[in-house]
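>>> For reference, the sequence and a predicted model appear below.
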Amino acid sequence: MKQYINSSTSKTFNEKPKAIQELINVALYILETFGIPIEGSARRLERMALAFLATGDIKTQGDIPKAKDLTIGFSLKTRDIIQYLNQHFNETISPGSYDNIRRNDLKLLTIAGIVVQSSPNSATNDSTRGYALNPIYAQLLRDFGKETWGEIVTNQLKNNDTLSQKLKRERNISKVEVLLPSGKQLVFSTGEHNTLQKAIIEEFLPRYGFGAGVLYVGDTSDKYLFLDKEKLAALSFFEISHEELPDIIAYSKKKNWLYLIEAVHSSGPISEIRLLQLQKLTQNCTASIVYITAFNSRQKFRQFMTEIAWETEVWIADNPDHLVHFNGDKFLGPYHKE
């Protein structure tokens with residue numbers, strides 16, 4: 001499952017036991033499936049996930065099938081949520097920060113209707129008002145882990161626009177147009193991550209792709225913005241699942257190389273663990289794999305440099321004519337003046 005937050009992106013997350021870290025990432029995966037845009041700082045995502053778990057009385061992954069909701073009378077006031085987080089999730093939130101729970105941590109969840117108010121007609125600042133899981137989403141939580149869970153969610157929510165879909169109207173104001181090597185044009189939503197993906201497609205691949213064509217690229221608002229399932233299947237690529245895919249996949253027929261590229265803005269370089277995961281997933285692939293982590297700048301690269309796996313490549317968008325090889329002595333030798 002995708003790691004939305006890791007120990008390098010949040011100090012508070014790093015200090016939590018591994019079981020809680022895993023539960024937070026599971027919660028964010030569930031929320032993304034429910035249509036919540038997973039955007040913002042690692043700490044903001046962490047707090048949203050914890051507030052979500054608290055409203056369903058979920059302390060461990062084993063509690064997910066027993067998620068509580070408003071129909072059984074379970075709800076927590078904002079002060080109760082703070083106490084819950086401090087007691088069960090190693091938080092040290094001040095009791096006086098109860099307004100931040102409502103204004104920040106629960107904001108998207110209540111707008112989306114995933115979390116509901118126990119007394120919706122009460123005043124905004126009513127300290128007696130509680131928050132609980134919407135029974136519809138609570139039941140979807142209880143079904144989590146079933147083989148067909150994704151289909152269950154889709155069918156249950158098919159008549160409802162998710163929050164991510166509703167927010168797309170705002171994103172249409174400014175878009176990033178991207179031209180694939182094939183000549184096909186894509187339109188990304190705005191943001192630094194997608195700007196970097198545009199640079200990878202339009203600057204990196206023409207320099208180092210040996211005629212590579214893009215087979216997959218995701219957008220922060222559309223995980224399957226472009227996907228060529230047939231060509232990936234012809235290369236015996238692993239079964240498509242966006243939780244496992246890198247940001248961009250491209251294939252050079254000339255070299256029989258498959259490029260797996262991670263575009264790093266706030267997290268997600270090809271670390272040793274990520275490399276092992278990708279190697280396992282691509283073990284039956286008929287093409288040779290090239291692993292690349294891309295950054296917008298050297299400054300951003302420095303933040304993640306110690307995480308980069310050996311036998312991978314690094315490309316930096318503001319220095320597009322150069323590569324950094326984490327490849328031992330493979331490229332050792334003098335450079336000759338031209």
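Arrived safely. Numbers count the residues shown, from 1 in each chain.

>>> Could you list the low-pLDDT ranges of the protein?
1, 120-128, 165-182, 220-224, 238-243, 328, 332-338 (pLDDT under 70).

>>> Please, where are all the helices along it?
11-14, 18-33, 42-55, 78-88, 98-100, 107-112, 135-142, 149-157, 163-171, 192-199, 205-208, 229-234, 272-281, 298-304 (DSSP state H).

>>> what sits against the closest residue to Pro17 other than its chain neighbours?
Excluding its sequence neighbours, the residue lying closest to Pro17 (CB to CB, 6 or more residues apart in numbering) is Asn90, at 7.2 Å. In short, each C-beta sits where N, CA and C put it, glycine included. Under the criterion of CB atoms under 8 Å, 6 or more residues apart in numbering, the neighbours of Asn90 are Thr12, Glu15, Lys16, Pro17, Ile20.

>>> can you check His193 too?
So His193 contacts Thr220, Asp247, Ala263, His265, Ser266 (CB under 8 Å, 6+ apart).

>>> Show me the two of these that sit farthest apart.
Greatest spacing in the contacts of His193, by CB to CB: Asp247 and Ser266 (12.5 Å).

>>> Neighbour count: the two, which is higher?
Under the criterion of other CB atoms under 10 Å, the comparison of Asp247 against Ser266 puts Asp247 first, with 23 against 15.

>>> Tell me the spacing between that one and Lys2.
From Asp247 across to Lys2, the span is 12 Å (CB to CB, to the nearest Å).

>>> I'd say Leu232 and Phe226 touch.
No: Leu232 is beyond contact range of Phe226, at 11.6 Å (criterion: CB atoms under 8 Å).

>>> Overlap of the contact sets of the two?
Tyr216.

>>> pretty sure Pro320 contacts Glu202?
No: contact status for Pro320 versus Glu202: not in contact, 9.8 Å apart, counting by CB under 8 Å.

>>> returning to what we had before: any chance of the contacts of His193 in a markdown table, plus distance to Arg102?
Below are those laid out as a markdown table (distance: CB to CB, whole Å):
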| residue | distance to Arg102 |
| --- | --- |
| Thr220 | 26 |
| Asp247 | 34 |
| Ala263 | 34 |
| His265 | 29 |
| Ser266 | 26 |
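
>>> quick one on the thing from earlier: show me how to select, in PyMOL, the buried members of the contacts of Asn90.
Applied in PyMOL, the following selects the buried portion of those according to 16 or more other CB atoms under 10 Å:
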select buried, resi 12+16+20
